[in-house]
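In: fold the following and give me the result.
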Amino acid sequence: MAAILIGFVIGIPWLGALILWRTNDENPRLQHTLAVAFSIAAGFSSLALIFFSSAQTAVDIPMGAFFGSLTFTPDGLAVSLTAIACVIGSLAVVFSVDYMKGEAQLSRYYTFVLLFIGAMAGLVLSGSLLFMFFFWEITALCSYALISFYNDDPKAVAGGIKALIITQVGGVGLLAGALITYSTLGTYQVSDLLESAGTIPANVLAFIAFGFLIAAAAKSAQFPFHTWLPDAMEAPTPISALIHAATMVNAGVYLLARFYPAFVQVPGWALSVTIVGLVSALITAFMALTATDLKRALAYSTVSQLGYMVYAIGVGGFFASQFHLLSHAVFKALLFLAAGAVIHAAGTRDMRRMGALGKQMPFVRNVFVLGALALAGLPILSGFWSKELILEVGLADGPIWAYVGMLLGAGMTAFYTLRITWLVFFGEARESLHVHDAGFAMKVSLGLLAAGTLSTWLLAGSFSGLFHATLPFHSIHELSTLELTEEIFFAPATYIALTVVCLGLGIFWMVRKQAAARKEAQFDILSRESFGFDWLNRQVTSITFKFASVLQETQTGKLNWNVVGILGALLVVLVFLLWSA
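Out: Model (predicted):
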């Protein structure tokens, strides 16, 4: 049964993508209906797959000597992320019925959305590194295509290209690690790498480990690759909620979590993961403090929260990381979709033009406030439990300086979360924006996500039991939900963190009037430029173009010489692989 359901969660959205690609844009009602039907079918299939989770391979298709076997393993880590991708994907599609009403090229939009959902499920279920890379690249293609969906907007096209190029750096790291694994172990299977990591020479294992860290940092927009995600906000807002908040950006965190048992003994790897998470969480929280674009502020927040997950893996909190991944996917999708409802009605993303919109949009205001409370880490919403668990693990098992940094991040999160909520929904109206509350389809998605924000923490016990039963290499200690809540309530770290959160809320409350009227300062410009990293990106691009112009001299225009060059490069690669083996 697991094999059939795996076929459904990948095949149903891909079949839908194929059908929608061939539909006529003159019949948008049919396109919306088909997209909703296929996405909901995939969502229910992903939930059913949870009940058939297992550490055993469910699908094994031989693909030849070099490619190995195409395998899919429905363990707890894979099925939980599959459910997140498919369920939130279906809610984003339902939301799109209202949000994308009247838009042209719906077949292209829905095709790439459904293609992405199937590819994300394939990525996390794949038991082969090589085919994981195949799905990894499809998600990158879909992300690029959907960021650039409004292809008559230069900013959207530039954002798509930037995302594609930076995430491809991660693709290189993943592919290199996969090929070195194959040359060392003679297999691409994930389980073989986890089982035999101790037999791999230390320098080779370190190369694989840090290659995967680069892949994860690029895919999850972590330092120093964090600059692409804010520019990806040129995509339609349902895409920002699905791909750039709840699913694709989690792929890097998933990669680190999946291979943590294999790499934890590599000297410096865990510390590097901790530092990447810490720096990412802090630097983007600083950016969110002054952001004026509603979607970019939420994008900075996403990178920061992903930093918490990466930090948790670095200090050994595998379960805390994945628990926060679940809760963050739900409440951040809620925040992005609620922001999309605001933008759809107001016609602007600039929070300086908003204010007091809650009076005209009470439903959207209420669900946004719920998501904001979860993001700030206030009891008893899902974000509180998962974030407190991360900080508790960090205090117990991580360096104290990193824990203090993450506490500072928690305070800043509370500050910018209240700032965003206040500037949009409360205070005084700064412009006369004639807005309206969300449509029916929008309310369905927002309501279900709001319910999830209130209740997903109740799944903590089932979540840990699922991991304990199906992840033999991770040594997960099983906890019931009651045990988890008692542990958090009686931990001193909880009250330290809540004190810092309350300080962040209090500081904003004291300066709320000035925050709405303040003019742009030098810090704002520095923040908008990602503290110089955007400038660094431009320099790298410029150098690459100059290098490419030099290489143009090798292009003779003669086919024979081109063929010789390709074959020569292939020969070099083959010799290297044979020598490595």
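
In: only C-alpha atoms from now on, for both contacts and neighbour counts.
Out: Fine.

In: so which elements touch the helix or strand that contains Gly340?
Out: If you go by DSSP states H and E, Gly340 is part of helix 318-346. Here helix 318-346 touches helix 76-99, helix 237-241, helix 294-314, helix 362-376, helix 382-397, helix 440-455, helix 460-470, going by 3 or more C-alpha pairs under 8 Å, 6 or more residues apart in numbering; DSSP states H and E.

In: what angle do the first one and helix 460-470 make?
Out: This points to helix 76-99. 130 degrees (axes from the mean of the first three to the mean of the last three C-alpha atoms, to 10 degrees).

In: with just CA atoms, put helix 76-99 into CSV.
Out: Below are the C-alpha coordinates for helix 76-99, written out as CSV (Å, rounded to 0.1, in the frame of the first residue of the first chain):
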residue,chain,number,x,y,z
GLY,A,76,8.9,9.4,9.5
LEU,A,77,11.1,12.2,8.3
ALA,A,78,10.0,11.7,4.7
VAL,A,79,6.3,11.2,5.2
SER,A,80,6.0,14.3,7.5
LEU,A,81,7.7,16.5,5.0
THR,A,82,5.6,15.0,2.2
ALA,A,83,2.4,15.8,4.1
ILE,A,84,3.6,19.4,4.7
ALA,A,85,4.4,19.9,1.0
CYS,A,86,1.1,18.3,-0.3
VAL,A,87,-1.3,19.7,2.3
ILE,A,88,0.0,23.3,2.3
GLY,A,89,0.3,23.0,-1.4
SER,A,90,-3.3,22.2,-1.7
LEU,A,91,-4.3,25.1,0.5
ALA,A,92,-2.1,27.4,-1.5
VAL,A,93,-3.9,26.2,-4.7
VAL,A,94,-7.3,26.8,-3.1
PHE,A,95,-6.2,30.3,-2.0
SER,A,96,-5.1,30.9,-5.6
VAL,A,97,-8.7,30.5,-6.9
ASP,A,98,-9.4,34.0,-5.5
TYR,A,99,-5.9,35.4,-5.6
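
In: list the contacts of Ile390.
Out: Applying C-alpha atoms under 8 Å, 6 or more residues apart in numbering to Ile390 gives the contacts 308-309, 312, 317, 320-321, 324.

In: er, Tyr182 actually
Out: By C-alpha under 8 Å, 6+ apart, the contact set of Tyr182 is Tyr188.

In: now the helix or strand harbouring it: buried residues?
Out: Using DSSP H and E, Tyr182 sits in helix 154-185. Residues of helix 154-185 classed as buried: 155-164, 166-185 (neighbour count, 16 or more other C-alpha atoms under 10 Å).

In: toward the C-terminus, what is the element adjacent to it?
Out: Assigned by DSSP H and E, the successor of helix 154-185 is helix 190-196.

In: other SSEs contacting that next one?
Out: Helices and strands touching helix 190-196, by 3+ C-alpha pairs under 8 Å, 6+ apart, are helix 154-185, helix 260-263.

In: which outside residues touch that helix?
Out: With contact meaning C-alpha under 8 Å, 6+ apart, helix 190-196 is reached by 127-129, 181, 185, 259, 261-262, 473.

In: from these, which is closest to Phe426?
Out: The closest of the contacts of helix 190-196 to Phe426 turns out to be Phe259 (C-alpha to C-alpha; 44.9 Å).

In: how much space between the closest one and Ile208?
Out: Using C-alpha to C-alpha, to the nearest Å, Phe259 is found at 10 Å from Ile208.

In: between these two, point out the one with more neighbours.
Out: Neighbours were counted for Phe259 and for Ile208 using other C-alpha atoms under 10 Å; Ile208 has more, 23 against 19.

In: can you tell me which residues contact Met361?
Out: Going by C-alpha under 8 Å, 6+ apart, Met361 touches 435-438.

In: an error on my part: the question was meant for Glu137.
Out: Contact analysis of Glu137 by C-alpha under 8 Å, 6+ apart lists Gly171.

In: give me the element it is part of.
Out: Taking DSSP H and E as the definition, Glu137 sits inside helix 129-147.

In: excluding chain neighbours, what is closest to the residue nearest the centre of the chain?
Out: By C-alpha atoms, centre = their mean, the chain has its centre lying nearest to Val249, at 1.9 Å. Closest residue in space to Val249, ignoring its immediate chain neighbours: Ser220 at 4.3 Å, by C-alpha to C-alpha, 6 or more residues apart in numbering.

In: angles on the backbone of the residue nearest to the centre of the chain, please.
Out: Val249 adopts backbone torsions of phi -70, psi -20, taken as degrees, to the nearest 10.

In: lowest-pLDDT helix or strand in the protein?
Out: Least confident element among the helices and strands of the chain, by mean pLDDT, DSSP states H and E: helix 522-528 (a mean of 58).

In: can you list phi and psi of Phe72 for me?
Out: Geometry field for Phe72 lists phi and psi as phi -130, psi 130, criterion degrees, to the nearest 10.

In: hey, what's it bridged with?
Out: Phe72 forms beta bridges with Val59, Ser126, as assigned by DSSP bridges.

In: neighbours around it, how many?
Out: Here the number of neighbours of Phe72 (other C-alpha under 10 Å) works out to 26.

In: and the one 5 residues further on, by the same measure?
Out: Applying other C-alpha under 10 Å, we find 23 residues neighbouring Leu77.

In: which non-adjacent residue is nearest it?
Out: Leu77 sits nearest to Phe467 (C-alpha to C-alpha, 6+ apart), 6.7 Å away.

In: what pLDDT does the model give the one you found?
Out: What the model reports as pLDDT for Phe467 is 87.
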